[in-house]
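**Student:** attaching a predicted model along with its sequence, questions to come.
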Amino acid sequence: MPSSVSAQPQLFFGNRRHDRQARQRLLRKKNLRVVDEYKTALSELCAIREPGLRGQPSALKKAQTAFVSAHRGKRTLDDCGVWVYYPWDRTLVHCLDRALHEELRTARNKYLITEREQELFRDFPIAIAGLSVGSHAALTIALQGGGSYDMRLADPDSIAPSNLNRIRSGVRFIGTNKAVAVAQEVYAMNPYAGLRIFSDGVTALNMRRFLTKPKRAGVLIEEMDNLALKFSIRILARRLRIPVISAADNGDGVVLEVERYDQDPSLPLFGGRLHGIDRAAIARATLPEAASIIGRIVGKGVVTPRMNASVKAIGHSLYSWPQLGGAATLAGVVLAYAARMIATGLPLKSGRTVFSLEKLLSFGKIQ
């Protein structure tokens, strides 16, 4: 699949004559897959609004019939809601409109995330740079209804076969830009998502735009491989008082770093663990020096024995940095939680936290 493939679905509103005509033309296309479960979605929406009818199937069915009828009014169901066309899958889906879709999609979040928290998380602008581990953060945030109106996705690389051990993707996406591939997955969950795609990745030229347009990001999730860019974007984020969160996979575990520049812009970069190293030194670092710098970022005494041995083998018996899909998934969960805490104003401390499955479940005996 070429990297230029479309990442945004087309929306056809049922109440607009021009869109209805365009939809009819689309329906004449060959090999078009149509998914129309609109009535089912309305019935489910009725059910979540009428929790007292749980366990009363006949009463619920009567309420759902009345709800669908009231929603339809004098229209046909075909002319209700929004038809969403996903060109990369040649699939046309009949969806509830934005507000109803959002209500239904996040209904199971209730009480675990309060209504006000859900609104704050939905409206929170989130910038994600680096979409290997970052892809898991983006998808988990989207699952929970976060960043719905402003999520920025940046990565210059395309999905390669060797990525498929840690990125939730498939062989049909090989060759697709990572930002485009993640955007397609987010749009599959929420066709109304407000995504901005930086398929050239974060660069010195677009870094400020990435963090400030259309408005200042509320949080930066930084998961880039480029050490110089990791350093530079933190300097700018600190100047702009944008908090930075990042997660380094560590064998089967994760090391989370939270830098609350929004609360304290005097905080040292990387928790002070790169004190004495400047951008010039990072930019000219050799492979062994880069591995040493990454080790300092993760933190002394934190790296698992197997991870430490693997890093030392890069350029010898290993071509590249080893990563596991389980750790990448765990990192996405941890990053999504941290982003939600910042978005909703709930407590989240600066500093480093180690999530070690080896220590928790194997008593630290994995060698």
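**Tutor:** That came through, no problem.

**Student:** and the closest residue to L274 other than its chain neighbours, what does it touch?
**Tutor:** Spatial nearest neighbour of L274, excluding adjacent residues (Cβ to Cβ, 6 or more residues apart in numbering): R296 at 6.0 Å. The way it works is simple: take the backbone N, C-alpha and C, and place the C-beta from them, glycine included. Counting by Cβ atoms under 8 Å, 6 or more residues apart in numbering, R296 touches F270, R273, L274, I277.

**Student:** G81: which of these is nearest?
**Tutor:** Proximity of these to G81 (Cβ to Cβ) peaks at F270, which lies at 47.6 Å.

**Student:** need the contact list for the spatially closest residue to that closest one that is not a sequence neighbour.
**Tutor:** The shortest distance from F270 to any non-neighbouring residue, by Cβ to Cβ, 6+ apart, is to I297 (5.3 Å). If you count contacts by Cβ under 8 Å, 6+ apart, I297 has them with K230, A248, E257, F270, R273, L274.

**Student:** assign I297 to helix, strand or coil.
**Tutor:** Three-state assignment for I297 (DSSP: H, G, I helix; E, B strand; the rest coil): helix.

**Student:** low-confidence regions, the protein specifically.
**Tutor:** The chain contains residues with pLDDT under 70 at 1-6, 279, 286-291, 299-300, 319, 364-367.

**Student:** which parts of it are helices?
**Tutor:** Ranges of helices in the chain, per DSSP state H, are 17-27, 38-49, 57-72, 98-105, 115-123, 133-143, 178-189, 207-212, 227-240, 279-283, 287-298, 305-312, 325-344, 357-362.

**Student:** for G351, find the nearest of those.
**Tutor:** helix 325-344 (11.5 Å).

**Student:** who's in contact with the residue nearest the centre of the chain?
**Tutor:** By Cα atoms, centre = their mean, the mean C-alpha position of the chain lies nearest to A138, the distance being 0.5 Å. By Cβ under 8 Å, 6+ apart, A138 lies in contact with I128, L131, M151, L153, V182, V186, G332.

**Student:** likewise V202?
**Tutor:** V202 neighbours (Cβ under 8 Å, 6+ apart): A129, A154, F210, M224, L229, I233.

**Student:** which one of those residues is nearest L27?
**Tutor:** Out of those, the member with the shortest distance to L27 (by Cβ to Cβ) is A154, at 36.0 Å.

**Student:** so what pairs up with that closest one in the strands?
**Tutor:** A129, F198 (DSSP bridges).

**Student:** pretty sure it sits against F210.
**Tutor:** Yes. A154 lies in contact with F210 (Cβ atoms under 8 Å); the separation is 6.1 Å.

**Student:** more neighbours: these two, which one.
**Tutor:** Set A154 next to F210 and count neighbours by other Cβ atoms under 10 Å: A154 wins out with 26 against 22.

**Student:** apart from its chain neighbours, what residue comes closest to A181?
**Tutor:** Using Cβ to Cβ, 6+ apart, the nearest residue to A181 is F173, at 4.9 Å.

**Student:** actually P347, not the one I wrote
**Tutor:** M341 (6.7 Å).

**Student:** could you check how far the one you found is from L60?
**Tutor:** Plainly put, M341 is 37 Å away from L60 if you go by Cβ to Cβ, to the nearest Å.
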